[in-house]
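Novice: A structural model of the following input is requested.
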Amino acid sequence: MKMNKKIIVASSCVILFAVVFVFYISIKFSKKDLRMITYEVTTFKKIKNALAKKNDKIEKLKGKNKIPSVKYETQKIKYTTQDKILMEKIIDVLNASSPGRNHKCASLAKITLYYASKKIVIDCLSGHNSGYYEYRYNGWLYKMNEAKFFALRDAMEKNF
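Specialist: Numbers count the residues shown, from 1 in each chain. Presented below is the predicted three-dimensional model:
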């Protein structure tokens, strides 16, 4: 009888942990008191006929030919909206995200949610897979629908 109680207690703990874990990693961003959303991305553009110098950001070319590296120019593009309907749609896309497998990948963009009393910054990854766009928030990686997000992003105002 004591063994059965231990098994019941242990299985109850496992179930409780699983429920808490799923609740913790599921994202639900609030629409209440949301003032503005920005999406900021860094783009890389080849500079025509410009060779890279020491300490420049360069593309290393492989092979036996000694081809000079190409110099890149970076540009930050910022999309902004304060439109309530558009912000609600963006929050819906973020909330529909599912947990993904975390991996080492640098952030190339960020989404910032500005609320009345706080701001939340979400790091967006480079987007290796078509169909979904990955972001990292609070130490967890999530996948959101790429087509829906970029359609909403394109509806936002572009600021250079």
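
Novice: How confident was the prediction at residue 114?
Specialist: Looking at residue 114, its pLDDT is 96.

Novice: doesn't residue 38 make contact with it?
Specialist: Yes - look at residue 114 against residue 38 with Cβ atoms under 8 Å: they come within range, at 7.5 Å. Any C-beta I mention is one placed from the backbone N, CA and C, and that applies to glycine too.

Novice: List the residues that are in contact with both of those two.
Specialist: Counting by Cβ atoms under 8 Å, 6 or more residues apart in numbering, residue 114 and residue 38 have no contacts in common.

Novice: where do the strands sit along the chain?
Specialist: 34-51, 58-59, 70-81, 98-99, 107-115, 119-125, 132-137, 140-145, 157-159 (DSSP state E).

Novice: Turn those strands into JSON lines, columns for distance to residue 89.
Specialist: Formatted as JSON lines, the strands of the chain follow (distance: least, Cβ to Cβ, whole Å):
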{"stretch": "strand 34-51", "distance to residue 89": "10"}
{"stretch": "strand 58-59", "distance to residue 89": "37"}
{"stretch": "strand 70-81", "distance to residue 89": "10"}
{"stretch": "strand 98-99", "distance to residue 89": "18"}
{"stretch": "strand 107-115", "distance to residue 89": "13"}
{"stretch": "strand 119-125", "distance to residue 89": "16"}
{"stretch": "strand 132-137", "distance to residue 89": "15"}
{"stretch": "strand 140-145", "distance to residue 89": "12"}
{"stretch": "strand 157-159", "distance to residue 89": "15"}
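
Novice: Which among the ones you listed is found nearest to residue 90?
Specialist: strand 34-51 (5.7 Å; Cβ to Cβ).

Novice: got the contact list for the nearest residue to residue 101 once chain neighbours are set aside?
Specialist: In space, residue 101 comes closest to residue 141 once its chain neighbours are excluded; the distance is 6.9 Å by Cβ to Cβ, 6 or more residues apart in numbering. Listed by Cβ under 8 Å, 6+ apart, the contact set of residue 141 reads 99-103, 125, 134-135.

Novice: go with 7 Å
Specialist: By Cβ atoms under 7 Å, 6 or more residues apart in numbering, residue 141 lies in contact with 100-102, 134.

Novice: so it bridges to which residues?
Specialist: Beta bridges link residue 141 to residue 136, judged by DSSP bridges.
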